[in-house]
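*Asks:* could you look at this predicted model? Sequence included:
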Amino acid sequence: MKKSIVPCFLISLACSAVSFAAEKNIIFFITDDQSPTLGCYGDPIAKTPAIDAVAEDGTLFQNAFATTASCSASRSVVLSGLHNHANGQYGHQHSFHKFSSYENVSSLSLPRAMAKAGYRTGHIGKYHVAPERVFPFETYLKGNQRNAVHMAEQSRKFITKNSDKPFFLYFATSDPHRGGGKDNSSKQRLKPDLFGNKPNRKSHDEVDEIFYQPQDLPIPSFLPDTIKTREELAHYYQSVSRIDQGLARLIEILKEAELYDKTLLVFTSDHGMAFAGGKTTVYEGGLKVPFVVRNPYENKRGIKHKSLISHIDITPSLLDFAGALDHKKNRPTLWVEKQNEKKIKSGVPKDNLGNIHKLARYHGKSWLSILGDPAKNHWNEIFASHTFHEIQMYYPMRVIRDEQYKLIWNIAHPLPYPFASDLWAASSFQAQYQKSMSAPYGQKTVRDYIHRPEFEFYKIDQDPHESNNLASSSKHAAILNTYKEKLKSAQSKFHDPWIMKWNYE
């Protein structure tokens, strides 16, 4: 009898262990260079059933914005709750670009604060910020960044670990970033980028690749309707659908472990798609991102939220969910005040500390309380701050945008607009550039895209494609000055060093 009782008892323990898994887990899913080209955002072609289902069971933000359309700079904002001009990550982290965040950002760092709050912290996929000691994770998982299904499987053990501590998983794909070479099967002289897809219509392991026909695709307003653009978009959409299958696998893992209703899911991108007019710009195509949240503890679901939110809101919102946000001071509840002295004693160079007084609270604020209420407002206006992408690409731009108007200040406007190396080589751009400077490119000409005025001012509620610059309109002179003052105010509030450029040059 005893021999038969003991195994049953052990089996019972094993089966029940899952149900005792910690509450309030978090998966933060961030893609690379993706616009809101998803079924849940009304895209007529995109096959994205997993994220569409999450949106139906959660909150979809229709006006979510990155603060800068550059990979490292944007990720530093996501992980710090601070604009990148203030956290020090002005541009790319890797290789010769060499940008990194200030050491004192560690006090606000998302993975540090989550660990202090008692979370197991894990990272898989693209990292692309520095220094690691400012944004440290306890567990680094390895996975094919071009195959979100593989990444999900590699995360399985971390997610399902039998622990009384909740988990925070930062899940970062490299899709749908450009890369992987050119599609040499194209009949065009200028070949499209593969966007991480395998050549010759081959599939990534465990992925049911979805292939798109160029002639079927909707053309974003900032791109020219050409066969080169369409071929590149077909590869981009394929990459997006592969991401969706990775999310589906993550959800499957959560449900099997009875964790789906104990886990906050956040899905977004670092910035818009990797096409000239999107990535690296502060136009809508660069800053507007998908943003879907499923909070299992929120009663109201299927919400479409029109309120403006920003990437600066991510860190305080996730900490709020974890019960680790000091709402009054807008920073982690476990706060170490004297950071400078500790860092200096530990041998950290003084010149990369950053001003602790300017790094003592988040720029963003939590959206957790508004998820179930589409009538609630969040921001009246959003601020964007771009300075570099690659080190060669100095072109600081500052933006203030509300529901009516959008003002762009091209601080270095006498310079030609610089190109990221992959966007310069893109067949969708080169096809127009090689025609002439007068060739159309979206709502502009190639010349207008490269040579920009000091100010761009758009009636964004009536001109969502940013086609009519009102900056030189005498009728709009007074309102333009109002928005210039709003922009200055935001720069002052968020400690932007480039505010001094109003006074010279």
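*Replies:* Noted; the coordinates are in hand. Numbering: from 1, shown residues only.

*Asks:* assign the residue nearest to residue 139 when sequence neighbours are not counted to helix, strand or coil.
*Replies:* Of all residues not flanking residue 139 in the chain, residue 122 sits nearest, at 4.2 Å (C-beta to C-beta, 6 or more residues apart in numbering). The C-beta positions use only the backbone N, C-alpha and C, and glycine is treated the same way. Three-state call for residue 122 (DSSP: H, G, I helix; E, B strand; the rest coil): strand.

*Asks:* quick one: residue 483 from residue 499, how far?
*Replies:* 15 Å (C-beta to C-beta, to the nearest Å).

*Asks:* make sure the residue nearest to residue 139 is actually in contact with residue 156.
*Replies:* No: if you go by C-beta atoms under 8 Å, residue 122 and residue 156 don't touch, sitting 11.4 Å apart.

*Asks:* who's more crowded, those two?
*Replies:* The neighbour count for residue 122 versus residue 156, taken as other C-beta atoms under 10 Å, is higher for residue 122 (22 against 17).

*Asks:* so who does that one touch?
*Replies:* 137, 138, 139, 140, 141, 155, 158, 167, 168, 169, 170 (C-beta atoms under 8 Å, 6 or more residues apart in numbering).

*Asks:* list phi and psi for the fourth one.
*Replies:* Dihedral angles phi and psi of residue 140 (degrees, to the nearest 10) take the values phi -110, psi 120.

*Asks:* correct me if wrong: it contacts residue 125.
*Replies:* No: counting by C-beta under 8 Å, residue 140 does not reach residue 125; the two are 10.1 Å apart.

*Asks:* okay, those two: which has more neighbours?
*Replies:* Counting neighbours by other C-beta under 10 Å for residue 140 and for residue 125 shows that residue 125 has the greater number, 26 against 12.

*Asks:* partners of the closest residue to that one other than its chain neighbours in the sheet?
*Replies:* If the residues on either side of it in the chain are set aside, residue 125 comes closest to residue 172, at 3.7 Å by C-beta to C-beta, 6+ apart. Bridge pairing for residue 172 (DSSP bridges) gives the partners residue 30, residue 125.

*Asks:* neighbours around residue 172, how many?
*Replies:* Residue 172 - counted by other C-beta under 10 Å - has 21 other residues nearby.

*Asks:* what is the burial count for residue 425?
*Replies:* Neighbours of residue 425 (other C-beta under 10 Å): 14.

*Asks:* roughly how far apart are the most centrally placed residue in the chain and residue 77?
*Replies:* The centroid of the chain falls nearest to residue 270 when counting by C-alpha atoms, centre = their mean (2.1 Å). Using C-beta to C-beta, one gets 9 Å for the distance from residue 270 to residue 77.

*Asks:* find residues that contact each of these two.
*Replies:* Contact criterion C-beta under 8 Å, 6+ apart; residues shared by residue 270 and residue 77: residue 66.

*Asks:* which residues does residue 503 contact?
*Replies:* Counting by C-beta under 8 Å, 6+ apart, residue 503 makes contact with nothing.

*Asks:* return the distance of it relative to residue 488.
*Replies:* Taking C-beta to C-beta, one finds residue 503 at 11 Å from residue 488.
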